[in-house]
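**Q** structure for this input, please:
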Amino acid sequence: MSYGIPTAAVDGVPDPLPEDLHVLDVREPEEWRHGHIAGALHIPLRDLPGRLADLPDGQTLVVCRVGARSAQAVAYLQRLGHDVVNLGGGMVQWQDAGRPMVSETGTPPQVV
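**A** Numbers count the residues shown, from 1 in each chain. All right, here's what the predicted structure looks like:
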């Protein structure tokens with residue numbers, strides 16, 4: 001169902017993340033606050049076209065809640081020449097796999 005979108009399953013993403021792999025989270029601010037991957041860059045999908053200059057160089061793993069918004073972002077960024085990969089299953093699968101997250105709420109991180 002990836003329709004040519006480069007996609008990685010959580011179990012295919014190294015743990016810990018390599019230093020040269022960037023993470024872009026395209027979820028909404030409230031989703032981000034509750035739990036995200038430490039060190040990720042947060043740019044909501046709707047803001048992405050206006051924030052292209054904020055994107056890091058190099059390979060970037062793009063995440064959202066379940067993988068649909070991030071797939072849209074990957075398709076868009078690929079057309080612009082960025083080296084991007086979608087996280088299949090998104091933050092839901094990341095959390096289910098027990099991968100580390102941080103939150104901005106003062107409570108344990110969770111995907112909402």
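**Q** just the buried residues of the longest helix anywhere in the chain, please?
**A** Longest helix of the chain, by residue count under DSSP state H: helix 68-79. For helix 68-79, a neighbour-count test (16 or more other Cβ atoms under 10 Å) marks 69-78 as buried. The C-beta positions use only the backbone N, C-alpha and C, and glycine is treated the same way.
**Q** which secondary structure elements does that helix contact?
**A** With contacts taken as 3 or more Cβ pairs under 8 Å, 6 or more residues apart in numbering; DSSP states H and E, helix 68-79 sits against strand 60-63, strand 84-87.
**Q** which of the ones you listed sits most buried?
**A** Counting by mean count of other Cβ atoms under 10 Å, strand 60-63 has the highest mean neighbour count of the helices and strands packed on helix 68-79, with a mean of 26.
**Q** pull the CA atoms of it into PDB?
**A** Output of strand 60-63 as PDB, limited to C-alpha atoms (Å, rounded to 0.1, in the frame of the first residue of the first chain):
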ATOM      1  CA  THR A  60      15.400  11.600   7.000                       C
ATOM      2  CA  LEU A  61      12.800   9.300   8.500                       C
ATOM      3  CA  VAL A  62       9.400  10.900   8.300                       C
ATOM      4  CA  VAL A  63       6.800  10.000  11.000                       C
END
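**Q** for Pro100, which non-adjacent residue is spatially closest?
**A** Ala38 (6.5 Å; Cβ to Cβ, 6 or more residues apart in numbering).
**Q** so the one you found belongs to a strand, correct?
**A** No: Ala38 is assigned coil when assessed by DSSP: H, G, I helix; E, B strand; the rest coil, not a strand.
**Q** just the pLDDT at the residue nearest to Ser103 when sequence neighbours are not counted, thanks.
**A** Using Cβ to Cβ, 6+ apart and skipping residues adjacent in sequence, the residue nearest Ser103 is Pro109, 3.9 Å away. On pLDDT, Pro109 comes in at 98.
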